[in-house]
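Visitor: any chance you can model this:
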Amino acid sequence: MLLHEYRICLPFTVEEYHTGQLYMICKHCEIESSKDEGVEVVRNEAITNEDGLTGQLTEKRLYLSSRLPTWIRSLIPNVFYITEKASNFYPYTTTEYTCSFLPRFSIMVETRYENNNGTTENCHQLSPEELAIRKMEYLDIALENVPDYKYKESEDPCKYKSTKTGRGPLVPNWREFMKPIMCAYKIVRVRFEVWGFQTRVEDFTQRAVRDILVLAHRQAFTWMDEWYGMTLDQVREYEREMFDRTNRKVLQTTPAPTTNTSTTNFD
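Guide: All right, here's what the predicted structure looks like:
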């Protein structure tokens, strides 16, 4: 197992980002969905944990085989999906990814959001054994590179200025003085228990997760004027529209069980 911790700061408060997180995930579902690949929402329902807190449980199927490296595609069926199960008790969320044909592969992501610039030493209260194997990185959305084919000037935090809040562009060392500021503390555990491929697949997966986190959080900031000021009710309505739209796209060609997208919450 590879265990990484990523700390990603954003120029929001945790309270502001509650809406932003929901909006960003919904928009990503729409962007990534096409007629033959993308995101199918299977389940999205309210849950209550043992402490009586109400959250949201979502289950999605991610059909993304054509985006994998050739060496991985040679090992898998032409059509496969990754199942994403997420529990959102914001500001704490957990998300697990499993593969439809690889029972020994999984990714577990735990996230806590705090109003600081990444200074909490052991936010997830990892055990001494986990701390010993943890690799920790600070991901700076202003400095991290994205691939040329993913780069958009409109999504560059060093060039973006919010018209609604006046925040941005981000400059070097922005995390030292920016107010407000929050941090997403993410623990990513990757397991692939197949002899001969374990190290290669776990390394590839952690690199892929890292790249996705950088791009997604750059977008969270540079899409800010799209979601800032929305109420939770408004973002829920946007969510319902996106789920209906993405399911119609993906299910045109992808067999799947009956889905339930009539919801009021999302991860």
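
Visitor: tell me the spacing between Gln219 and Tyr23.
Guide: From Gln219 across to Tyr23, the span is 10 Å (CB to CB, to the nearest Å). To be clear about C-beta, it is placed using only N, CA and C from the backbone, and glycine gets the same treatment.

Visitor: skipping its backbone neighbours, what lies nearest Trp227 in space?
Guide: Once flanking residues are discounted, Trp227 sits nearest to Tyr23: 3.8 Å by CB to CB, 6 or more residues apart in numbering.

Visitor: so what's that neighbour up against?
Guide: For Tyr23, the contacting residues are Trp223, Glu226, Trp227, Met230, Val235, Tyr238, by CB atoms under 8 Å, 6 or more residues apart in numbering.

Visitor: flag every buried residue along the helix or strand harbouring it.
Guide: For Tyr23, the host element (DSSP states H and E) is helix 14-32. Residues of helix 14-32 classed as buried: 14, 16-30, 32 (neighbour count, 16 or more other CB atoms under 10 Å).

Visitor: what does stretch 157-166 give?
Guide: Pro157, Tyr160, Ser162.

Visitor: just confirm the last one is within a strand.
Guide: No - the assignment for Ser162 is coil, going by DSSP: H, G, I helix; E, B strand; the rest coil, so no strand is present there.

Visitor: ok, it to Gly168 distance?
Guide: The separation that Ser162 has from Gly168, given CB to CB, amounts to 6 Å.

Visitor: again, but for the first one
Guide: Using CB to CB, one gets 7 Å for the distance from Pro157 to Gly168.

Visitor: give me the common contacts of these two.
Guide: Contacts common to Pro157 and Gly168, judged by CB under 8 Å, 6+ apart, are Phe221.

Visitor: for the lengthiest helix in the chain, packing partners?
Guide: Counting residues, the longest helix in the chain under DSSP state H turns out to be helix 198-222. Helices and strands touching helix 198-222, by 3 or more CB pairs under 8 Å, 6 or more residues apart in numbering; DSSP states H and E, are strand 2-10, helix 14-32, strand 105-114, strand 135-139, strand 182-192.

Visitor: for the fourth one, list the C-alpha coordinates in CSV.
Guide: Extracted as CSV, the C-alpha positions of strand 135-139 are listed here (Å, rounded to 0.1, in the frame of the first residue of the first chain):
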residue,chain,number,x,y,z
LYS,A,135,4.7,10.7,2.0
MET,A,136,3.5,14.3,2.5
GLU,A,137,3.3,17.0,-0.1
TYR,A,138,2.1,20.6,-0.2
LEU,A,139,0.4,21.2,-3.6
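
Visitor: I'm done for today, thanks for sticking with me.
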